[in-house]
Structures are given as structure tokens and as C-alpha cells.
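**Q** After the sequence you'll find the predicted model.
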Amino acid sequence: MSLTRVTVAGWRNCGFFQKAVKVTAAIELLYPKKVQVTHIELADREKYITWLKEEKPGKNLTGGVNHTSSPIVWLNDNEYLGGCDAVLDWSRQNFLSDKKEEQKTAAGMVPDGVEMGKYDYDLVCIGGGSGGLAMSKEAANLGANVACLDFVKPSPNGTTWGLGGTCVNVGCIPKKLCHRAAILGEEVNHDASGFGWSVGEAKHDWSKLVENIHNYISGLNFKYRVALREKKVKYINKLGTIIDPHTIQLTDRKGKTETITVGRIVVAVGGRPTDLTIPGGEYAINSDDVFQMDWTTTPKQQPGKTLVVGASYVALECAGFFAALGYDTTVMVRSILLRGFDREYSDKIGEYMEQSGTKFIKGSVPSKIEKTESGQYKVFWSKGSNEESEVYDTVVAAIGRYADTSKLGCEAAKIETAKNGKIICEGKNEQTSVPNIYAVGDVVEGMLELTPVAIQSGIFLAQRLYGNSTQMMNYDLIPTTVFTPIEYGACGLSEEDALAKYGESDIEVYHKELAPLEWELVHDKPKGIARAKLICLKSENMRVVGLHILGPNCGEITQGFALAMKLGATFKDFQDQVGIHPTVAEDFTTMSVTKASGDDAGASGC
């Protein structure tokens, strides 16, 4: 096939014009020696109509005299092709024929023109975390020749870990285990006496906890490698850099490089903690270090007196278990806690943590950190017009995360990214601006940074690419839990977002304070903080669009109710459901007080 010149003209905000632009750009990218594309973009419909009247006649097209819709497409100098449908048909017939892999264009996915067996690998996943592993195994299970690249770049403090990504090594898993350790300490030292136990004050061994967590995670790392081998996925422990849409450079730990060719690329590199960019910021550790560093290299071989900088869920979760394990813990907060979560419940978490012994420095950020002769760290910050300081054994930076894409090769491959480095996938279909390159997990702009989201989206993507599926990932009504000392479960919209989206007149909020029975014999437990609420949409038969709960075991509770919400549960459905007595989850089935009524929503007994 000789070189074909394709011209697409239309107006900027026309959906059909944009679709034709994407398809032709994709074809040109995949077949640069066969197709050369020119796009003529007019500012609006009026200017496009003017262009048709004044400019089109000079093209001397072989047809399309009465063509008035957007876009208009022609080949070479003057071979009239038609509109959007015509260019899609032309693309299919010439580049996606029956001789090539049959593909479905679910939810606006642009055909990527990839042929199975043409490259070293049909698919390469860059990143061996939850999303990359799930995608790799599912694609291989469906017959693709798959490789998974995983290379852990050390943290600024030199911390590394094994296969499995953030969640397994330095995120969800060790965090939940530390949270459990904290709960056990609270139950032994504070709760047990109310139930008749005389156990004395239990002492915690941080080194033993860390050792046991590391041993457990090492076992998981091994199981993941075995699982890849069983699925016939090639595991490559090298750093991947995209050279072009079908070529990846591999770099090993010694700097030796090689290249491989690939039909499709899935980027699943996740994110890394943001460092403190202040004088002495290098003295702070981050969440990667908390869970994987060698604590025996520190003066006290344990956290000791700790400052956690940040107000994210990572910051509050870490501060929560540090405090519960007996360490003098302070959280430094610039503005609000848990930005993006329900404001009422986020503030209540802070209130609970303060009453439970965690200190807060509010409205401040550190200005510098100095290391003392004793090996401790003196942290400075401003409070009004005054500079204040305090000495800590450990400083943890938990001010956010960034996408790990700076050395991925996005620019060279022409992958569109946001200012924060995250990859843009329009249409929520995991397809990037380069049709044969996809992305899943935390690296995707605008997506929830949750392990199950990465896993599910990766599996569905593999099934669409290799299993003739059309099922898309549903990013609505995804449940989550923040494992702070008082757990917070949420699914759907926060109260603020619901009001902003639907308006105050269309929202009804039912709420209730909770009295967890397991807390009732513990006299020093913070009171009036555990609570739950259902946010309902009046115009849709009181469909529940937001569920929130503060209390014990919220992860287990929220997971169950999330399914009901996904199936369209209404407030009446919750009321008609028989509760399990005595549980805090039961209170969702007995709520009757609305915020609008102003009535007391205080907890009551049986």
C-alpha cells in the first residue's frame, strides 16, 4: 500500500470530528509509512460552514458537493471519502481487516491495529503492582504472550522491596497489620478491664511486629512470582522505558540495557510518596520507609517521638497506630483533614484522635529540619508571626503522592499526561492518547487510588483486548475505608458533593449517632463521635447516593452495603431490610431522623 494522504476538516467541539481525528491520528501513528494525516480544525460550527462555502470549492473534490456535516474527509489531493462513518469504515477495511485480530470498540475505544504474534510480546505490563499483576495474568490466561516488568526504585532513604507493588509491600497490607496491632493494644490496655480482665499494662515490641510483617510480605512476594510463572507470564526485574509505541528499553540494576518489541503496553507504575522540599527535608522518612526500612539503623530502633507531616489518610492512619502503640505522636496539618472526603466525618476523626492522645499542630507546615548531635531531628515551623520548634526521633512525610512517570518515556511516545504526571485516559476506558498504550491504577488521572480499582480495571481491560468482552470498569459507587483509630467507611458521594451535584432541595440526609456495644463498658472511650448517615436523592425515589459510617469494623460493613447501592438501593430498601442485632450496621436499617428536621439523632439503647 503506497502512502495515502488523509485530510479531516471539521469544527472543534464536534464529537464526530474529534472521533475522526483520533482514529486517523492512531492509524498514522501505527502506520507512518502508509498514512499521512492533516487535520483542519475550525473554531466553531459557524466558521466551519463558512469554510465549506468559501474554501471547499477550491479543493475540487471528486464528490461531496452537498456535504454540510462535520467532518468532511478526503484522500490525497481530492478523493472525497465522506464523514466520520466513512473514515471509520475506510480504517477498518484497510488496516483492521479480517486477516488481523478482530477487535471491539467498546465505549469509544479506538482500534489499535495490533496483530497477535508480530512482536516479541503481545502485551507488556510496566509495573508489578496490583493492577499490573492482575492485567498480566488475565491477558495470559486469554492466550496472549505477556511479560511483566517490575523494578523498584529505592526511596530517598534507600528502601526497596519485592514484587507486588505499593499495596502489598508498603501500603494496604502492612498498614492494616499495624492498625490491627494498635487495636489489640487498645483492647488489652484500655478495654479489657471493663470486661473483667486484669492483665496489667502490655508492652509492645516494634521490632517483633516489623519482623513478622516482613516475613509475611516476603511470602507474598514469592507467591506472586510463582503465580506469574504458572500463568506463563514472563517476569522481568528491569526498569522499563518506552522508546516508541512498540519498543521498550530494559535497564537492569547494573545499567545494562536491551530493547524488546511489544504489541500493546499497559502502564501500571502507580505512585510514590511526595518528599518534603525544605532544608533538611531529606531527614524525613515516608510511608515506604515506615513499612520496609531497617529500623535497627535508627538510634532507638523504633519510631520513638514522632511527627507526621500531612493530613492525608496515609498521615492519619500512620499517626493513629504510632500513638496506639505507645509513641508520643504529633500530626502537623496545613489546613483540613482528609481533603476530598466527607467534611463532617473527617473532622470527627480528628476529634477522636485528639481525645485518644494524638497531638495536632494546625495551620502550619515545617520550614526546616536540623539533625541534632543525639541523632534526633529538630523541626521548625511558623505559628502566626512566631517561629516554633520541637525535637523528634522520627519525622514522617505524608503530604501526598505523585505519579511515577518522569522516566517512563511518555513524551517520546507522545502519551498525554496531566501536569501532575498522571496519564490521561479519556472516556474512562484505560486507553491513552496512543491507541496501543493503556494505563491502569493510581497512575491514571482522575481515578481513585485504590488497589481493588487497579485490579478490576486491569482484568476488564484484558478481557476486552483478548476475550471479546465489552465490559467496562464502573468507577461509580466504589467503597473505601480509612483505617484511622476510629474507622471510616464511605461509598458514593460526600454530603458536600451531593449538595453541589443535585442541589439542596433534592437531597435528604438521614443520620444517627452510634453506640457500639463493644464500647459501652469502656468508660474512657470518646463519646458522641461514632455515627452513620445515608444521603438520599429525592427525585430518584430516595435512592441512596452516599453512605458514611464512623465506628469499629467499618471496612467489613461498607463492603456489604456497597453492593446494595450498586444495585440502586433506596432508603426504603434499607428500612425494609431486617438488621443483625446487636451491631452498628443494624443502625442503617433503623434510621429515621433527617438533618433537615433538626431533631436529635443521638444514639439510643436496644
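**A** Thanks, I have it.
**Q** now residue 271: how far from residue 252?
**A** Per C-beta to C-beta, to the nearest Å, residue 271 is found 23 Å from residue 252. Every residue, glycine included, has its C-beta placed from N, CA and C.
**Q** cool, residue 115 as well?
**A** Here residue 115 is placed at a distance of 29 Å from residue 252 (C-beta to C-beta).
**Q** for residue 159, same thing?
**A** 20 Å.
**Q** quick one: the strands in the stretch 251-400 of the chain?
**A** 257-267, 271-273, 306-309, 329-333, 359-362, 366-371, 377-383, 386-392, 394-397 (DSSP state E, counting those that start in this stretch).
**Q** For residue 573, find the nearest of those strands.
**A** strand 271-273 (37.1 Å; C-beta to C-beta).
**Q** got the buried residues for the closest one?
**A** Across strand 271-273, burial judged by 16 or more other C-beta atoms under 10 Å covers 271-273.
**Q** And it, what does it pack against?
**A** Other elements packing on strand 271-273 under the criterion 3 or more C-beta pairs under 8 Å, 6 or more residues apart in numbering; DSSP states H and E are helix 287-292, strand 401-403.
**Q** contact partners of the longest one?
**A** Right, the one you point to is helix 287-292. 155, 157, 159-161, 169-171, 174-175, 178, 213-214, 272-273, 314, 318, 396, 398 (C-beta atoms under 8 Å, 6 or more residues apart in numbering).
**Q** Tell me, how many residues neighbour residue 61?
**A** Burial measure for residue 61: 17 neighbouring residues, criterion other C-beta atoms under 10 Å.
**Q** Now do the contacts for it.
**A** Per C-beta under 8 Å, 6+ apart, neighbours of residue 61: 74, 78-80.
**Q** Let's see that with 7 Å instead.
**A** 74, 78, 80 (C-beta atoms under 7 Å, 6 or more residues apart in numbering).
**Q** and what of residue 176?
**A** So residue 176 contacts residue 483 (C-beta under 7 Å, 6+ apart).
**Q** Hmm, residue 301 and residue 295 touching each other?
**A** Yes - under the criterion of C-beta atoms under 7 Å, residue 295 is in contact with residue 301, at a separation of 5.4 Å.
**Q** Tell me how far residue 578 lies from residue 26.
**A** Residue 578 is 54 Å from residue 26, by C-beta to C-beta.
**Q** The two: which is more packed in?
**A** For residue 578 versus residue 26, the count of surrounding residues by other C-beta under 10 Å is larger for residue 26: 24 against 7.
**Q** Skipping adjacent residues, who's closest to the more buried one in space?
**A** residue 435 (4.1 Å; C-beta to C-beta, 6 or more residues apart in numbering).
**Q** Residue 573 now?
**A** Leaving out its chain neighbours, the residue that sits closest to residue 573 by C-beta to C-beta, 6+ apart is residue 564, at 6.8 Å.
**Q** any residues touching whichever strand or helix holds that neighbour, and which ones?
**A** According to DSSP states H and E, residue 564 maps onto helix 554-566. Helix 554-566 is contacted from outside by 477, 479, 481, 487-492, 544, 547, 549, 573, 585, 588, using C-beta under 7 Å, 6+ apart.
**Q** Going along the chain from that helix, find the next helix or strand for me.
**A** Assigned by DSSP H and E, the successor of helix 554-566 is helix 571-576.
**Q** buried ones in that next one?
**A** 571, 573-574.
**Q** cool, stretch 252-262 as well?
**A** 260, 262.
**Q** switch to numbering from 8
**A** Yes, from this point I'll number from 8; that puts the last item at stretch 259-269.
**Q** Now do that stretch: distance to the chain's middle.
**A** 28 Å (C-alpha atoms, centre = their mean, to the nearest Å).
**Q** Determine how far the last residue of that stretch lies from the first.
**A** Distance across stretch 259-269, first residue to last, is 19 Å (C-alpha to C-alpha, to the nearest Å).
**Q** pLDDT (mean, whole number) over it?
**A** For stretch 259-269, mean pLDDT is 97.
**Q** Now, of the contacts of helix 294-299, which are buried?
**A** 162, 164, 166, 168, 176-178, 181-182, 185, 220-221, 279-280, 321, 325, 403, 405.
**Q** So which residue is dead centre in the protein?
**A** residue 456 (1.5 Å; C-alpha atoms, centre = their mean).
**Q** what number of residues lie near the closest residue to it other than its chain neighbours?
**A** Counting by C-beta to C-beta, 6+ apart, residue 456 lies nearest to residue 449, which is 4.4 Å off, once chain neighbours are set aside. The tally of other residues near residue 449 (other C-beta under 10 Å) stands at 30.
**Q** Same check on residue 597?
**A** 13.
**Q** so who does residue 34 touch?
**A** By C-beta under 7 Å, 6+ apart, the neighbours of residue 34 are 42, 98, 102.
**Q** Ok, residue 581 next?
**A** 541, 551, 595-596.
**Q** Try it again at 10 Å.
**A** 517, 541, 543, 549, 551, 554, 568, 571-572, 595-598 (C-beta atoms under 10 Å, 6 or more residues apart in numbering).
**Q** Residue 9: which of the residues you listed is nearest?
**A** residue 572 (56.2 Å).
**Q** That closest one: neighbour count?
**A** 23.
**Q** Check the one 4 residues further on too.
**A** The tally of other residues near residue 576 (other C-beta under 10 Å) stands at 20.
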